[in-house]
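In: Generate coordinates for the sequence data below:
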Amino acid sequence: MKDILRNMTFISPSKRLPRSVVAIGVGRGVSFLGDEVALLAMAFRAKAQLGHFGVAAILIAGALPLLLLAPFAGLLVDRVRTRPLLVGVTLVQAGLCVALAFSSSALLVPLIALLACGTVVSSPAWQALVPTLVEESQLSSAMGLLQSFAAFAGIAGPFVGGTLVAWYGFHVPLLVDAASFLVLAAIPLALRVDRVPTGAASGGLSMTEAFAGVRLIFDNAVLRALLVLAVLFVLALGVINVVEIYFITTALHAGARGYGLLGLCMGTGMLVVGMLSGPIAQRFPRPERLFVAGCIGLCAGILAFGLTDELWQACVLLLFTGACNALLNINAMVLITTHSTDEVRGRVFSAVQGTVSAAQIAALSIGGLLLLAFAPRPIIIVGAIASAVALCFTIAPVLRAGAAAPALGVDGAPGDAVASRFGSQPS
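Out: Alright, predicted model coming up:
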């Protein structure tokens, strides 16, 4: 097992990722798997006990806190030591999963909202912690490792969740998720990893301080372009998440098995690129160029997917699209990390998370409305074209900033020349 974890870093021995980062990747992967299992169980339970409105209600309950609480959660991350914050929040989430397993249907939505309140704090806390554990030249490898475990969880989660629901009903999957949170909480305690925010001693808790991450994003051309592009991508491509099941079952004439196969192809593409992120970053040390390449590939892949009529062609295209999506996400995270300071990094990640969540909510609504008037195929095609247009108007600041700054080689010195199927959501 030790050799497997060591080899999963995919970089040279002298630049091997710290074991703490590998352990965090494993822990978050286990937690993501538990979340996928629990989400499937809660969706089935909501459908059975609350009807179709219940399914929409739990999705909204899980997304709204990420939007409404993002500035304040980011400020908390930038004011409180990371280890006690993560342990405390994660243990509370474990308790909420146990409560969900045995709660009445009336408490389902509020408990899910409380669970999401924990995520809005823990997610930027982990994202701000990891860069403090690695050298800057290892950022792509670290982000790729986290992406790999998340992709694996996305592949295995629906199958494991469906099996557990079929065998044991709604309760056991929630207890599995609670256990995964306990595993995650043990990691910062066992490894004694911590981040002491540089602004912890200032004690500033004002509204102005809460929105410091938002101000930094709008003052920084690269971060501003990344966020605008992420929002436009999620609006354009997120709509496809609503209509894809209709496209797959009608245009491609595939059933549930075909739908699952396409999800497997998408996840496999993400997993492969995540595992190879270290060698890719060494060969191409400009993250802004990799980010743009991922964006272009994602638009092209979705456009081709919308034009296909055969299931096997869709499988190949979604394998490619998943790879591009991972390339985009990993390098977006690298760019966000390198263009923000530790003092406000938690608030920057929270601002990105909240804004993208708002775009996801809007995309779900828009997709449902479009299906009332249009067939799935033109919606997918127009969504891909709209994403390409958005890319044309937003990539220039990213590329200009990258050209003005020296690229980091594998030694950290200047070298040679930054939960859905689709969308540009940093993970």
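In: tell me the contacts of Gly154?
Out: Applying C-beta atoms under 8 Å, 6 or more residues apart in numbering, we find Gly154 in contact with Phe32, Glu36, Gly263, Gly267, Met270. From N, CA and C alone the C-beta is placed, and that goes for glycine too.
In: try 6 Å
Out: Gly267 (C-beta atoms under 6 Å, 6 or more residues apart in numbering).
In: Next, it: secondary structure please.
Out: helix (DSSP: H, G, I helix; E, B strand; the rest coil).
In: Look up how far Leu261 lies from it.
Out: Remark: distance between Gly154 and Leu261 (C-beta to C-beta, to the nearest Å) = 14 Å.
In: tell me the phi and psi of Val193?
Out: Main-chain torsions, Val193, degrees, to the nearest 10: phi -80, psi 150.
In: Now do it against Arg83, distance only.
Out: From Val193 across to Arg83, the span is 7 Å (C-beta to C-beta).
In: now Leu184
Out: For Leu184, the distance to Arg83 equals 13 Å [C-beta to C-beta].
In: and the two? which has more neighbours close in?
Out: The residue with more neighbours, out of Leu184 and Arg83, is Leu184; 26 against 19, by other C-beta atoms under 10 Å.
In: who's in contact with the more buried one?
Out: Counted by C-beta under 6 Å, 6+ apart, Leu184 has contacts Gly27, Ser31, Thr90.
In: How far does stretch 178-186 sit from its chain's centre?
Out: Relative to its chain's centre, stretch 178-186 lies at 19 Å (C-alpha atoms, centre = their mean, to the nearest Å).
In: sorry, that was for stretch 261-275
Out: Per C-alpha atoms, centre = their mean, the displacement of stretch 261-275 from the mean C-alpha position of its chain is 14 Å.
In: Next: stretch 353-369.
Out: Worked out by C-alpha atoms, centre = their mean, stretch 353-369 lies 15 Å from the chain centre.
In: close enough to count as contact, Gly294 and Ile330?
Out: No - the criterion here is C-beta atoms under 6 Å, and Gly294 misses it with Ile330 at 8.2 Å.
In: who's more crowded, these two?
Out: Looking at Gly294 and Ile330 with other C-beta under 10 Å, you find the greater number of neighbours at Ile330, namely 33 against 22.
In: Not counting sequence-adjacent ones, nearest residue to that one?
Out: Leaving aside its chain neighbours, Ile330 sits nearest to Met143 (4.6 Å; criterion: C-beta to C-beta, 6 or more residues apart in numbering).
In: Mind listing what's buried along the strand or helix carrying the one you found?
Out: Using DSSP states H and E, Met143 sits in helix 139-168. Within helix 139-168, the residues that count as buried by 16 or more other C-beta atoms under 10 Å are 139-158, 160-162, 164-165.
In: Stretch 342-356 too?
Out: Across stretch 342-356, burial judged by 16+ other C-beta under 10 Å covers 342, 344-356.
In: could you dump those residues to CSV with secondary structure, distance to Val242 and pLDDT?
Out: Shown next, in CSV, are these (DSSP: H, G, I helix; E, B strand; the rest coil; distance: C-beta to C-beta, whole Å; pLDDT from 0 to 100):
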residue, secondary structure, distance to Val242, pLDDT
Asp342, coil, 38, 78
Val344, coil, 34, 83
Arg345, helix, 33, 83
Gly346, helix, 32, 84
Arg347, helix, 31, 85
Val348, helix, 29, 86
Phe349, helix, 27, 86
Ser350, helix, 26, 85
Ala351, helix, 25, 85
Val352, helix, 23, 86
Gln353, helix, 21, 83
Gly354, helix, 21, 85
Thr355, helix, 20, 86
Val356, helix, 16, 85
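In: Going by distance to Ala56, which of those wins?
Out: Taking C-beta to C-beta as the measure, Ala56 lies nearest Val356 of the buried residues of stretch 342-356, at 19.1 Å.
In: between the contacts of Leu184, which is nearest Phe44?
Out: Distances from Phe44 to the contacts of Leu184, taken by C-beta to C-beta, are shortest for Ser31, at 20.7 Å.
In: just checking, the closest one touches Ala179?
Out: No - here Ser31 does not reach Ala179: they are 9.9 Å apart, not a contact under C-beta under 6 Å.
In: In terms of neighbours, single out the busier of these two.
Out: A side-by-side neighbour count of Ser31 and Ala179, using other C-beta under 10 Å, places Ser31 first with 27 against 16.
In: Quickly find the element holding that one.
Out: Per DSSP H and E: Ser31 is located in helix 19-50.
In: May I see the buried residues of the helix or strand containing Ile60?
Out: According to DSSP H and E, Ile60 maps onto helix 52-68. For helix 52-68, a neighbour-count test (16+ other C-beta under 10 Å) marks 54-55, 57-68 as buried.
In: what about the closest residue in space to Leu232 that isn't next to it in sequence, is that helix, strand or coil?
Out: Leaving out its chain neighbours, the residue that sits closest to Leu232 by C-beta to C-beta, 6+ apart is Ala390, at 3.7 Å. Look at Ala390: counting by three-state DSSP, its state is helix.
In: who's in contact with Pro71?
Out: Taking C-beta under 6 Å, 6+ apart, we find Pro71 in contact with Ala210, Phe211.
In: Downstream of the helix or strand that it is a member of, the next helix or strand is which one?
Out: Using DSSP H and E, Pro71 maps to helix 70-77. Scanning forward in sequence from helix 70-77 by DSSP H and E, the next helix or strand is helix 82-102.
In: Only alpha carbons, please: show that next one as PDB.
Out: Output of helix 82-102 as PDB, limited to C-alpha atoms (Å, rounded to 0.1, in the frame of the first residue of the first chain):
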ATOM      1  CA  THR A  82      -7.100  25.200  10.100                       C
ATOM      2  CA  ARG A  83      -6.600  22.000  12.100                       C
ATOM      3  CA  PRO A  84      -9.100  22.700  14.900                       C
ATOM      4  CA  LEU A  85     -11.500  24.200  12.400                       C
ATOM      5  CA  LEU A  86     -11.500  21.200  10.100                       C
ATOM      6  CA  VAL A  87     -11.700  18.700  12.800                       C
ATOM      7  CA  GLY A  88     -14.600  20.500  14.500                       C
ATOM      8  CA  VAL A  89     -16.600  21.100  11.300                       C
ATOM      9  CA  THR A  90     -16.000  17.500  10.000                       C
ATOM     10  CA  LEU A  91     -17.100  15.900  13.200                       C
ATOM     11  CA  VAL A  92     -20.300  18.000  13.200                       C
ATOM     12  CA  GLN A  93     -20.900  16.800   9.600                       C
ATOM     13  CA  ALA A  94     -20.500  13.200  10.700                       C
ATOM     14  CA  GLY A  95     -23.100  13.800  13.400                       C
ATOM     15  CA  LEU A  96     -25.500  15.400  10.900                       C
ATOM     16  CA  CYS A  97     -25.200  12.300   8.600                       C
ATOM     17  CA  VAL A  98     -26.200  10.100  11.500                       C
ATOM     18  CA  ALA A  99     -29.100  12.400  12.200                       C
ATOM     19  CA  LEU A 100     -30.100  12.300   8.500                       C
ATOM     20  CA  ALA A 101     -30.100   8.500   8.600                       C
ATOM     21  CA  PHE A 102     -32.800   8.400  11.300                       C
END
